[in-house]
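Enquirer: I would like the atomic coordinates for the input below:
(one chain, ligands or ions: 2)
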Amino acid sequence: MKSVVLESAGNVKIEDIEELGDIPEGYVKIKVQSVGICGSDVHYYLHGKIGDFVLRKPMILGHETGGILESGSASIKRGSVVAVEPGIPCGKCIYCRTGRYNLCPDMRFFATPPVDGSMVEHIVHPEEFVYSADGLTPDEASLAEPLSVGVYAARMAHLGPDSDVLINGSGPVGILTAFAAESYGANVTVVDINPERIEYAGECGFSSCINNKVSGQFDTVFECSGYGHEYSIHRTARGGDLFLIGMGEEEGINPLMASIGGINIHGIFRYVNTYPEAIRIIKRYRNRLAPFLRKHIDVDELPGYLADGEYEKYLKTIVRI
Ligand SMILES: [Zn+2]
Ligand SMILES: [Zn+2]
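Expert: Ligands and ions are numbered 1, 2, ... in the order given. Here you go, the predicted structure:
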């Protein structure tokens, strides 16, 4: 069966790999249809590593997965559209046992070395991490993964109708976090330094502007750009909450304003039990999510598409397997 294998930095190939054997007890078989390209896939393609995760042997890319259930499930009908949660935690450590499996040190997560991802025709996966997304297309179902990050952040922020939220970063994670925050009733503003990117937030129906045009401070700020930490500290009201979601790094941050302002800074990594909620949010906002569903390519086009850097021109690219 066809798969997308990252051999080494800058070298990705379509490879024919062996079909799957028997399905283990508790696992289901899925025909993968749609896999979104994530910033992390691009980062592994360009650099061969993210932090301590280093590509040491060839790895299948992809973790934002929508597909069709083929067999093995007691609760989901064959032929249903499903969304696949890409991380399998150990279930035994103190984090798993206290409901924070996103922090499990033994997590096996798609397309995080050495674990293979989902850009392959079939996968088998534990049934508990496969969710019915009937009524959605597989492309839409693939958005449940990046949206989950926003759902988890919105939940940790205890948002409600009286929340005024600023989101710094108008990329996929920033805008999907905006949808999650709005679903909790929050009043949301999205900012970015890039005039082209900020248009996506406007297209998705959010009040949006270039960073320096926003005034006032916000009780809750979600830093989704990865490069605006100090800016985000300055935009957080006294005693407010700043959530670090973007995976970049900023050098030479001056944290003085955070300590003087009594700002609570929270790190957000992945998510916990978010898929059913993410799927409901996609159903509710499906028309406004159009900019995420605009660009799809056939899997055979992917090596050239990555080499040309074409993905930079779109908010999200979905690979059809
Ligand atoms: Zn991702
Ligand atoms: Zn664990």
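Enquirer: Just give me the residue closest to the centre of the chain.
Expert: Closest to where the C-alpha atoms of the chain average out (CA atoms, centre = their mean) is Pro146, at 2.2 Å.
Enquirer: Flag every buried residue along the helix or strand containing that residue.
Expert: Using DSSP states H and E, Pro146 sits in helix 144-156. For helix 144-156, the neighbour count (16 or more other CB atoms under 10 Å) marks Ala144, Glu145, Pro146, Leu147, Ser148, Val149, Gly150, Val151, Tyr152, Ala153, Ala154, Arg155 as buried. Any C-beta I mention is one placed from the backbone N, CA and C, and that applies to glycine too.
Enquirer: check contacts around the first one.
Expert: Right, the one you point to is Ala144. Ala144 makes contact with Gly66, Ala83, Glu85, Tyr131, Ala133, Tyr275, Ala278, Ile279, Ile282, according to CB atoms under 8 Å, 6 or more residues apart in numbering.
Enquirer: which residues are in contact with stretch 6-23?
Expert: Contacts for stretch 6-23 (CB under 8 Å, 6+ apart): 1-5, 29, 44-48, 55, 58-61, 71-72, 120, 122-124, 299-300, 302-303, 306.
Enquirer: With stretch 292-301 instead?
Expert: Taking CB under 8 Å, 6+ apart as the rule, stretch 292-301 contacts 2, 4, 14, 34, 119, 139-140, 143, 172, 175-176, 305, 314-321.
Enquirer: again, only this time at 7 Å
Expert: If you take CB atoms under 7 Å, 6 or more residues apart in numbering as the criterion, stretch 292-301 is touched by 2, 4, 14, 119, 139-140, 143, 172, 305, 314-321.
Enquirer: Give me the subset of the residues you listed that lies in helices.
Expert: Asp139, Glu140, Pro172, Tyr305 (DSSP state H).
Enquirer: Looking at neighbours, which among those is most surrounded?
Expert: Highest neighbour count within the ones in helices among the contacts of stretch 292-301, by other CB atoms under 10 Å: Pro172, with 25 neighbours.
Enquirer: and the gap between Met107 and Glu85?
Expert: Computed as CB to CB, to the nearest Å, the Met107 to Glu85 distance reads 11 Å.
Enquirer: neighbour count winner among these two?
Expert: Glu85 (24 against 19).
Enquirer: Quick check: Ile37 touching Leu315?
Expert: No - here Ile37 does not reach Leu315: they are 10.9 Å apart, not a contact under CB atoms under 7 Å.
Enquirer: about what we covered before: can you name the next helix or strand after the helix holding Pro146?
Expert: Under the assignment DSSP H and E, the closest C-terminal helix or strand after helix 144-156 is strand 164-168.
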